[in-house]
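A.B. asks: Below are the sequence and a predicted model; questions follow.
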Amino acid sequence: MKKAVPDRIARLRAGLAESDLSGLVVSAPSNIFYLSGFTGSSGALLITAERALLFSDFRYRLQSREQAPDFEFVEVERDLFQRVGRVSADTCAGRLGYESAHLTCELLGHLTEGLQSRELVAATGLVEDFRAIKSPDEIVHIRAAAALADQALDHMISLLRPGATERDIALEGEYFMRRAGADAVAFDLIVASGPRSALPHAGTSTRELQPGDLVVIDIGAAVDGYCSDMTRTFAVQTATEQARQIYEIAHRAQRAAAAAVQAGAICGEVDAVARTIIDEADFGDCFGHGLGHGVGVDVHEAPHLRKGDDTRLAAGNVVTVEPGIYLPDIGGVRLEDLLVVQADGAETLTASAMPAELPVV
């Protein structure tokens, strides 16, 4: 991470020059980590053409030296963003950008108070645009996170039996990944069974699995600050014809869309590959979310595979492909792989099997 920091700062400085900004105040924790390596719970960066400063408090004095040696550390006792504003007023001669998508109105007020009469400009996406294309080192971390999720899923499958609760299965998966080396889970794991599997982002509950249930498991690990994301669907002991039908349709949609992922492909058109298959099977109303999203420092980031998005995929993007079919009061299916975009296709980082027919466990 530390070796990449100077390159990332240089790229950001070039972006600031193109945007006619003399500096940028970085407040989003994921962007702070990406640019500096700093993981503290309180902080902000100021990047100018000449300086790179990290603002935080006494708790992180030593940590900042270890994690962000390329940054000047500015220790703040209180009103962090007011201090950022005062230093910016002394450092930046021109327009100062801030992350308008991340800074609260209250903290923006503190920044403005410290900045006084300097021009403050809402700037969104400057860092995120760089983050969308992963370096080989970043892909190594994401690959490791995906491998841990694969291993944990194998363990969770062994627990899918009548009487087991969604919550216990999810906790076993989290514990397995942490014990195997994950820094954390990438998100709260989803184990949704029976009618609850029709909830695309269901939290886990104390519901006990029953014979015939569809079970959706959405799982991801975080390793060295980078995330993975994967979803599989199973049936417990037996499966209805309807369950088998929607699984087969979702599988075809997932495979076709994954095959369409390559550098230059338009995000909305990749989404349409899967959506057309599901629409033609008369389940279009049961697939209401986007096909996929970027994954990296955050589990949801650019680019986005969704209807109407004209962004073109680029080599180095890491994206999910995850169509779903959700039948209210009955159950649902979602199948998700994690892919690295390449010039002539994509590499699938997810190793867990995705059989063409609904797996019954």
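C.D. replies: Yep, that arrived. Keep in mind it's a predicted model, so treat the numbers as computed, not measured. Numbering: from 1, shown residues only.
A.B. asks: residue boundaries of the helices in the protein?
C.D. replies: Taking DSSP state H as the criterion, the chain carries its helices at 5-18, 29-36, 61-67, 80-91, 105-115, 126-131, 136-157, 166-180, 241-259, 267-280.
A.B. asks: quick check: mean pLDDT across the shortest one?
C.D. replies: For helix 126-131, the mean pLDDT works out to 93.
A.B. asks: and that helix, C-alpha only, in CSV?
C.D. replies: Listed next in CSV are the C-alpha coordinates belonging to helix 126-131 (Å, rounded to 0.1, in the frame of the first residue of the first chain):
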residue,chain,number,x,y,z
LEU,A,126,-12.3,12.7,-8.2
VAL,A,127,-10.8,9.9,-6.1
GLU,A,128,-13.5,7.4,-6.9
ASP,A,129,-12.8,7.6,-10.6
PHE,A,130,-9.2,6.5,-9.9
ARG,A,131,-10.3,3.8,-7.5
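A.B. asks: mind listing what's buried in that helix?
C.D. replies: For helix 126-131, burial by neighbour count (16 or more other CB atoms under 10 Å) applies to 126-128, 130-131. No exception for glycine: its C-beta is placed from N, CA and C like everyone else's.
A.B. asks: Save the residues you listed as CSV, and put in distance to Ser352 too.
C.D. replies: Listed next are the buried residues of helix 126-131 as CSV, based on distance: CB to CB, whole Å:
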residue, distance to Ser352
Leu126, 36
Val127, 32
Glu128, 29
Phe130, 30
Arg131, 26
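A.B. asks: Contact partners for Gly332?
C.D. replies: Counting by CB atoms under 8 Å, 6 or more residues apart in numbering, Gly332 touches 192, 197-200, 214, 216, 233, 246, 286, 324-326.
A.B. asks: In ChimeraX, select just the buried ones from the residues you listed.
C.D. replies: Here is the ChimeraX command that selects only those of those that count as buried (16+ other CB under 10 Å):
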select :192,197,198,200,214,216,233,246,286,324,325,326
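A.B. asks: now, which of the contacts of Gly332 lie within strands?
C.D. replies: The strands, defined by DSSP state E, take in 192, 214, 216, 233, 324-326 from the contacts of Gly332.
A.B. asks: Could you dump these into TSV with pLDDT added?
C.D. replies: Supplementary listing: these in TSV, determined by pLDDT from 0 to 100:
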residue	pLDDT
Ala192	98
Leu214	98
Val216	98
Thr233	98
Gly324	98
Ile325	98
Tyr326	98
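A.B. asks: And the furthest pair within the residues you listed?
C.D. replies: With CB to CB as the measure, no two of the ones in strands among the contacts of Gly332 lie farther apart than Ala192 and Ile325, at 13.7 Å.
A.B. asks: circling back to that earlier point, mind giving me CSV with the ones in strands among the contacts of Gly332 and columns for distance to Val299?
C.D. replies: Converted to CSV, the ones in strands among the contacts of Gly332 look like this (distance: CB to CB, whole Å):
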residue, distance to Val299
Ala192, 17
Leu214, 23
Val216, 17
Thr233, 19
Gly324, 17
Ile325, 22
Tyr326, 20
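A.B. asks: ok, so of these, who is nearest Ala28?
C.D. replies: Scanning the ones in strands among the contacts of Gly332 for proximity to Ala28, where the rule is CB to CB, the winner is Gly324, at 28.5 Å.
A.B. asks: wait, doesn't the closest one sit right on Phe287?
C.D. replies: Yes. In this structure Gly324 lies within contact range of Phe287 using CB atoms under 8 Å: 5.9 Å.
A.B. asks: What separation do you get for Gly15 and Leu45?
C.D. replies: Distance from Gly15 to Leu45, counting by CB to CB, to the nearest Å: 14 Å.
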